[in-house]
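Enquirer: below is the sequence, then the predicted model.
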Amino acid sequence: MAAYFKPPKSHLVFESFHGTDKLSAYISEHTFNHAVNIFLPGQARIPRELLEVSPGKDCFYVAELPVSTFIQPHFIHSTLKQGSFFALSHTHHIDTDDCVAVFPQGLLVLSVTKDTYEQLGIVGRSSEFQQGAKFIVEIDLLADSFQPGRKQYERVQWCLTDRLSLTMPFLMAFIPRGSSATSSIPVLQDMPHKELTNKETLNTLTNIQIPSLSYMSPQISLDHSSNEYCSAIDLFEWLGAISCNIDCDSGQPDGFVSAYSCPMPNRVVPLSCNIGWRGVITPQRILQLINILSKCEDALISWCVISVWGFADCPFSWGQQEHGYYMAGENHYTCVLFPQSNQWFFTALGTHDKVR
């Protein structure tokens with residue numbers, strides 16, 4: 001007898017808006033990003049201004065640390081209060097393991113299993129998506145009450161050092177106040193650690209088909225009766241193929257690798273650029289990239305795209321919205337930039353995520 005399973009829910013949210021305020025807010029709230037890809041249709045080369053703010057110039061660090069490191073006064077004063085600090089547990093799985101993150105606003109978040117929660121002794125809340133199995137603990141490291149000698153601080157310190165010492169590998173990055181580039185992390189100077197840089201890849205695409213778009217005609221419904229412009233949904237799917245380096249021009253119904261082809265209507269352009277970075281990429285750097293892209297008006301095609309992938313095992317995705325992995329851990333976004341500060345914005349979320 002055949003068994004039928006209900007497919008897991010996923011969310012793809014589409015928005016279109018004018019101006020930069022809303023876009024900047026969305027990007028700033030998505031703290032932990034491991035990959036960025038920029039597609040420049042009709043451009044023969046990457047603009048020099050874009051390369052000047054390349055995430056490939058940024059470094060990040062890997063070190064195994066006790067979680068109690070992040071509550072020490074030396075760390076709070078030398079690092080957390082001196083810029084934007086990012087830390088995310090590495091190689092730990094959000095659905096089954098203990099995961100920890102430190103957000104730039106000074107928020108320490110622990111997503112822990114039931115056993116760890118009971119041993120830890122710090123009050124938190126049950127996970128929205130794994131009730132009774134995972135628990136969320138939030139500690140404001142910059143709160144006035146969180147200082148040595150105060151009741152809350154002493155309780156947390158005792159729980160993280162004497163009651164249960166949590167130690168795990170972390171990915172970390174630090175941007176000093178007044179800068180947009182990452183820098184060394186003072187707290188790591190006397191600790192074993194590894195310094196890494198974001199990896200950059202660049203592809204030049206020749207004679208590929210590019211969908212015809214209009215900001216005013218996203219055509220987000222499934223009704224394709226109007227073929228004047230490509231729909232936003234078809235574009236999103238096509239961009240996924242471009243990011244995976246799939247040849248969309250030779251798609252055949254019996255194609256061995258891919259039968260996918262560029263959506264209609266489209267046009268052939270001689271050259272296009274696809275540049276990407278992998279590592280730990282800060283929201284500040286992404287905002288710089290978008291600012292440069294919004295000023296690129298000399299291209300053959302009047303739009304360009306930036307896609308960003310969030311870490312699958314981060315406790316929160318946007319702002320303080322809880323995040324889980326479940327099937328794939330999606331928490332990504334794609335922004336299509338049109339002239340005159342017009343944008344299409346796609347948000348892709350998995351089953352264990354809340355729609356903003």
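Expert: Received, thanks.
Enquirer: pairing partners for the longest strand anywhere in the chain, with directions?
Expert: Taking DSSP state E as the criterion, the chain has its longest strand at strand 266-281. Strand 266-281 has its sheet partners listed here by DSSP bridges as strand 33-41 (antiparallel), strand 199-211 (antiparallel).
Enquirer: what residues does the following helix or strand past the longest one touch?
Expert: Past strand 199-211, heading to the C-terminal end, the next element that is a helix or strand (DSSP states H and E) is helix 232-243. If you take CB atoms under 8 Å, 6 or more residues apart in numbering as the criterion, helix 232-243 is touched by 12, 14, 37, 39, 211, 213, 218-220, 222, 230, 248, 258, 260, 262-263, 274, 276, 305, 307, 334, 336, 344, 346. (Each C-beta comes from the backbone N, C-alpha and C, glycine too.)
Enquirer: which among those residues count as buried?
Expert: Neighbour counting by 16 or more other CB atoms under 10 Å classes 37, 39, 211, 213, 218-219, 230, 248, 260, 262-263, 274, 276, 305, 307, 334, 336, 344, 346 among the contacts of helix 232-243 as buried.
Enquirer: still on that earlier bit, report the inter-axis angle for the longest strand of the chain versus helix 232-243.
Expert: Computed by axes from the mean of the first three to the mean of the last three CA atoms, to 10 degrees, the angle separating strand 266-281 from helix 232-243 equals 70 degrees.
Enquirer: and the average pLDDT for strand 266-281 is what?
Expert: In this model, strand 266-281 has an average pLDDT of 93.
Enquirer: buried ones in it?
Expert: 266, 269, 271-281.
Enquirer: and those residues, which two are furthest apart?
Expert: Using CB to CB, those reach their maximum pairwise distance at Asn266 and Val280, which is 35.5 Å.
Enquirer: mind checking the SS state of His332?
Expert: Following DSSP: H, G, I helix; E, B strand; the rest coil, the label given to His332 is strand.
Enquirer: what's near enough to touch it?
Expert: Ser307, Val308, Trp309, Gly310, Thr347, Ala348.
Enquirer: measure the fourth one to Thr282 for me?
Expert: Taking CB to CB, to the nearest Å as the measure, Gly310 and Thr282 are separated by 12 Å.
Enquirer: residue boundaries of the helices in the protein?
Expert: For the chain, applying DSSP state H gives helices covering 21-29, 48-52, 73-78, 114-120, 151-158, 232-243, 283-293.
Enquirer: can you redo these as a markdown table with distance to Pro7 and mean neighbour count?
Expert: Formatted as a markdown table, those follow (distance: least, CB to CB, whole Å; neighbours: other CB atoms under 10 Å):
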| stretch | distance to Pro7 | mean neighbour count |
| --- | --- | --- |
| helix 21-29 | 27 | 16 |
| helix 48-52 | 39 | 13 |
| helix 73-78 | 44 | 14 |
| helix 114-120 | 28 | 15 |
| helix 151-158 | 42 | 15 |
| helix 232-243 | 17 | 18 |
| helix 283-293 | 31 | 19 |
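Enquirer: name the nearest residue to Tyr114, ignoring sequence neighbours.
Expert: Actually, residue 114 is Lys rather than Tyr. Nearest non-adjacent residue to Lys114, counting by CB to CB, 6 or more residues apart in numbering: Ala133, 5.8 Å away.
Enquirer: got the phi and psi for the one you found?
Expert: Per-residue torsions, Ala133: phi -110, psi -30 (degrees, to the nearest 10).
Enquirer: show me what contacts Phe345?
Expert: Each residue near Phe345 by CB under 8 Å, 6+ apart is listed here: Phe14, Glu15, Ser16, Phe17, Leu23, Tyr26, Tyr333, Thr334, Cys335, Val336.
Enquirer: for stretch 55-75, which positions count as buried?
Expert: Quick answer for stretch 55-75 (16+ other CB under 10 Å): 55-56, 58-63, 65, 67-72, 75.
Enquirer: among these, which lie within strands?
Expert: Cys59, Phe60, Tyr61, Val62, Ala63, Leu65.
Enquirer: for Pro169, see how far away the third one is.
Expert: Same thing as Tyr61. 11 Å.
Enquirer: try the first one
Expert: According to CB to CB, Cys59 stands 17 Å off from Pro169.
Enquirer: for stretch 154-172, output the C-alpha coordinates as PDB.
Expert: Taking Å, rounded to 0.1, in the frame of the first residue of the first chain, the C-alpha atoms of stretch 154-172 are listed here in PDB:
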ATOM      1  CA  GLU A 154      26.300  36.500  39.300                       C
ATOM      2  CA  ARG A 155      23.500  33.900  38.500                       C
ATOM      3  CA  VAL A 156      24.400  33.600  34.800                       C
ATOM      4  CA  GLN A 157      28.100  33.400  35.600                       C
ATOM      5  CA  TRP A 158      27.500  30.600  38.100                       C
ATOM      6  CA  CYS A 159      25.300  28.700  35.700                       C
ATOM      7  CA  LEU A 160      27.800  29.000  32.800                       C
ATOM      8  CA  THR A 161      30.900  28.200  34.800                       C
ATOM      9  CA  ASP A 162      30.100  26.100  37.900                       C
ATOM     10  CA  ARG A 163      26.800  24.500  37.000                       C
ATOM     11  CA  LEU A 164      27.400  23.700  33.300                       C
ATOM     12  CA  SER A 165      30.400  24.700  31.200                       C
ATOM     13  CA  LEU A 166      29.300  24.800  27.600                       C
ATOM     14  CA  THR A 167      32.200  24.800  25.100                       C
ATOM     15  CA  MET A 168      31.900  24.700  21.300                       C
ATOM     16  CA  PRO A 169      33.500  26.000  18.100                       C
ATOM     17  CA  PHE A 170      32.400  29.500  17.000                       C
ATOM     18  CA  LEU A 171      32.600  31.500  13.800                       C
ATOM     19  CA  MET A 172      33.300  35.100  14.700                       C
END
